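Student: Test case, fold it:
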Amino acid sequence: MKYQPIIGLEVHVQLKTDTKIFCGCSTRFGATPNSQTCPVCLGFPGALPVLNKKVVEFAIKAGLATNCKIAKRSIFARKNYFYPDLPKGYQISQYELPICEHGHLSVTGEWGEKKIGITRIHMEEDAGKLVHSDIPGLGSNSGVDLNRACTPLLEVVSEPDIRSADEAVAYLKKLHQIVVYLGICDGNMEEGSFRCDANVSVMPVSSDKFGTRTETKNVNSFRFVKQAIEYEIERQIDLIEEGGKVVQETRLFDPDSGTTRSMRGKEDAHDYRYFPDPDLVPLVISDNWIEESRISMPELPETKLKRYQTELGLTEYDSEVLTATRELAEYFESVISEGAQAKTAANWVMGEVTRGLNESGLEITESPVTPKQLAELISLIDKGTISGKIAKTVFDIMWQKGGEPAKIVEEQGLVQVSDTGAIEKIIDEIMSGNMGQVEEYRAGKEKVFGFFVGQVMRVSKGKANPAVVNDLLLKKLKV
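Tutor: Residues are numbered from 1 along each chain as shown. Predicted coordinates for the structure are as follows:
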């Protein structure tokens, strides 16, 4: 390639607090427009902001989880600009002294492992929302919904260390997983709880000077981020090759066409006329507060993934699947705590449980089969009470109708048959009725063995103990 993409991401993480960052209004999504507002978030003269302590706690946790340095003293600033859904005419944010700085996340992919720097994480309030609609007889109209105004955000600003759309998506997915694991964000991208601004520029591979960047605003899915970045890289290269110049601007991504389009000129920091907010005192954070936040954090996915491999003996793939969400990992660990072996529990959670969830459209927290019930079902297999095949039948009954596994086995008459005499009788009958296959096996065609196993299990309706069946068949077929 003649050109090298340079990519930096600004991610807005909406915090999962009950109330807004500077007032007591609810942050509940989907309420009637302008029903969750007050003089503070409406920007009335004389209304004073009061900082929500929970927002600071969440910011500290986000900083610790992304290897940032937590500032002992940080400042809130006013970011001045006009927009119809910004009632005060400025946004309360942080500028020169943010709460978190100098962090990083490591991502892996076809490029190997790569560390992507995090410049800063700062707290700020969200703006409102413009609502566009067509009203019969009146044409197109726009309204302003200020329910979202003053909703708490963390803005996570990466270094321009990303060199491809795939790297960008890997970084975003890891950051998304972390904030959801921490419980500070619900991660709902469709509702805008986790959205990304992508800064993209290109430069000749022989150059060490970055090109002019564009910013594509508020992209709210991993797939769209990838498409937007790839389109913007190609657009800028084509523009340069044709003799044009890339203009510093803000652009919007159109998911229908997969293209970006110009929205407005991109401002520089000085255009916002930042200055410390006179209504908010400097935020001072003690070492004790930082340590308390660290102690209260859950085990993060990267640490959990490594522990599953080293302590539980799981494969990297199994560990990645089981740590995908905090809830899935907690379910899996609960099955183990109830006595199941890690590998067996992993197979059942990734197999039957996941299948049931997908078919039922449920989340793991809604699973009809509890971790304790699953562990008890696995115990019945380990004891030889039922076979693995019968266990799947029992699981389906538990999933559809509920009930305890031992009671279902008893009521349905599903206890595994381990009586060698009864199994031997079945084998003798099958062999006598299939002498051709017997001779084939004895002539060296060992694949026929599976035929006999299948026949025994069919006749026994799946109740015959597979280990006993295999042992007896081997002895009888070799005679």
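Student: Helix, strand, or coil at Cys196?
Tutor: strand (DSSP: H, G, I helix; E, B strand; the rest coil).
Student: Please work out how many residues are found near it.
Tutor: Applying other CB atoms under 10 Å, we find 27 residues neighbouring Cys196. C-betas here are computed from N, CA, C, even on glycine.
Student: what do you get for Gly103?
Tutor: Using other CB under 10 Å, Gly103 has 23 other residues around it.
Student: mind listing what it touches?
Tutor: Residues counted as contacts of Gly103 (CB atoms under 8 Å, 6 or more residues apart in numbering) are Gly63, Thr66, Asn67, Cys68, Lys69, Gly117, Ile118, Ile121.
Student: Filter those residues down to the ones in helices?
Tutor: If you go by DSSP state H, those have Gly63 in helices.
Student: in the longest helix anywhere in the chain, what's buried?
Tutor: Ranked by number of residues, the top helix in the chain under DSSP H is helix 222-241. Within helix 222-241, the residues scored as buried using 16 or more other CB atoms under 10 Å are 222, 224-233, 235-237, 240.
Student: swap in stretch 172-184?
Tutor: Using 16+ other CB under 10 Å as the test for burial, stretch 172-184 gives Leu172, Lys174, Leu175, His176, Gln177, Ile178, Val179, Val180, Tyr181, Leu182, Ile184.
Student: what do you get for stretch 79-87?
Tutor: Those would be Lys79, Asp85, Leu86, Pro87, for stretch 79-87 by 16+ other CB under 10 Å.
Student: Dump those residues to a markdown table, plus distance to Val438.
Tutor: Below are the buried residues of stretch 79-87 laid out as a markdown table (distance: CB to CB, whole Å):
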| residue | distance to Val438 |
| --- | --- |
| Lys79 | 84 |
| Asp85 | 81 |
| Leu86 | 84 |
| Pro87 | 86 |
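Student: Closest one to Gly403 out of those, please.
Tutor: Of all the buried residues of stretch 79-87, Asp85 has the smallest distance to Gly403: 53.2 Å, by CB to CB.
Student: In contact with that closest one, which residues?
Tutor: Asp85 makes contact with Ala127, Gly128, Lys129, Leu130, Val144, Asp145, Leu146, Ala149, according to CB under 8 Å, 6+ apart.
Student: what about 10 Å?
Tutor: 126-131, 142-146, 148-149 (CB atoms under 10 Å, 6 or more residues apart in numbering).
Student: Mind telling me what element the residue nearest to the spatial centre of the chain is part of?
Tutor: Central residue of the chain (CA atoms, centre = their mean): Gln177, 4.1 Å from the mean position. Using DSSP states H and E, Gln177 maps to helix 165-182.
Student: Quick one: mean pLDDT for that helix?
Tutor: What helix 165-182 shows for mean pLDDT is 97.
Student: ditto for stretch 357-368
Tutor: Mean predicted confidence for stretch 357-368 is 96.
Student: okay, the angle between the longest helix of the chain and helix 165-182?
Tutor: Orientation check (axes from the mean of the first three to the mean of the last three CA atoms, to 10 degrees): helix 222-241 against helix 165-182 gives 150 degrees.
Student: Quick one: list the elements packing against helix 222-241.
Tutor: Other helices and strands packing on helix 222-241, by 3 or more CB pairs under 10 Å, 6 or more residues apart in numbering; DSSP states H and E, are strand 3-14, helix 165-182, strand 194-204, strand 214-219, strand 249-254, strand 259-265.
Student: give me every residue that touches Cys296.
Tutor: I think there's a mix-up here, since residue 296 is Ser and not Cys. Counting by CB under 10 Å, 6+ apart, Ser296 touches Glu57, Ile60, Lys61, Leu182.
Student: Would you confirm that the last one contacts Arg326?
Tutor: Yes. With contact defined as CB atoms under 10 Å, Leu182 and Arg326 form a contacting pair (8.7 Å).
Student: is it possible to export the buried residues of stretch 172-184 to CSV including distance to Val394?
Tutor: What follows is the buried residues of stretch 172-184, written out as CSV (distance: CB to CB, whole Å):
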residue, distance to Val394
Leu172, 41
Lys174, 38
Leu175, 41
His176, 37
Gln177, 34
Ile178, 38
Val179, 38
Val180, 33
Tyr181, 33
Leu182, 37
Ile184, 39
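Student: Closest one to Gly433 out of those residues, please.
Tutor: Nearest to Gly433 among the buried residues of stretch 172-184, with distances taken as CB to CB, is Gln177, at 56.9 Å.
Student: what sits against that closest one?
Tutor: By CB under 10 Å, 6+ apart, the contact set of Gln177 is Gly187, Leu300, Pro301, Glu302, Thr323, Ala324, Thr325, Arg326.
Student: Let me know the closest of the buried residues of stretch 79-87 to Thr354.
Tutor: In terms of CB to CB, no member of the buried residues of stretch 79-87 lies closer to Thr354 than Asp85, at 41.3 Å.
Student: The nearest residue to the closest one once chain neighbours are set aside: neighbouring residues, count only.
Tutor: Spatial nearest neighbour of Asp85, excluding adjacent residues (CB to CB, 6 or more residues apart in numbering): Gly128 at 3.5 Å. Neighbour count for Gly128, taken as other CB under 10 Å: 23.
Student: For Gly128, give me its contacts.
Tutor: 33-34, 37, 41-42, 83-87, 144-151.
Student: list the buried ones in stretch 16-34?
Tutor: Lys16, Thr17, Thr19, Lys20, Ile21, Phe22, Cys23, Cys25, Thr27.
Student: Any figure for the gap between Val156 and Arg163?
Tutor: 19 Å (CB to CB, to the nearest Å).
Student: if you count what's nearby, which of those two comes out ahead?
Tutor: The neighbour count for Val156 versus Arg163, taken as other CB under 10 Å, is higher for Val156 (28 against 15).
Student: Make sure that one is actually in contact with Gly8.
Tutor: No. Here Val156 does not reach Gly8: they are 11.0 Å apart, not a contact under CB under 10 Å.
Student: Which neighbours do these two have in common?
Tutor: Common contacts of Val156 and Gly8, defined by CB under 10 Å, 6+ apart, comprise Thr119.
Student: rewinding a little: check the contacts of Gly103 and tell me the two furthest apart.
Tutor: Maximum pairwise distance among those (CB to CB): 13.8 Å, between Gly63 and Gly117.
Student: Comparing these two, which shows the higher neighbour count?
Tutor: A direct count of neighbours by other CB under 10 Å for Gly63 and Gly117 places Gly63 higher, at 26 against 16.
Student: what about Glu439, neighbour count?
Tutor: Residues near Glu439, counting by other CB under 10 Å: 11.
Student: And Glu302, by the same measure?
Tutor: By other CB under 10 Å, 16 other residues sit near Glu302.
Student: Enumerate every residue touching it.
Tutor: By CB under 10 Å, 6+ apart, the neighbours of Glu302 are Ala65, Leu105, Ser106, Lys174, Gln177, Ile178, Tyr181, Thr323.
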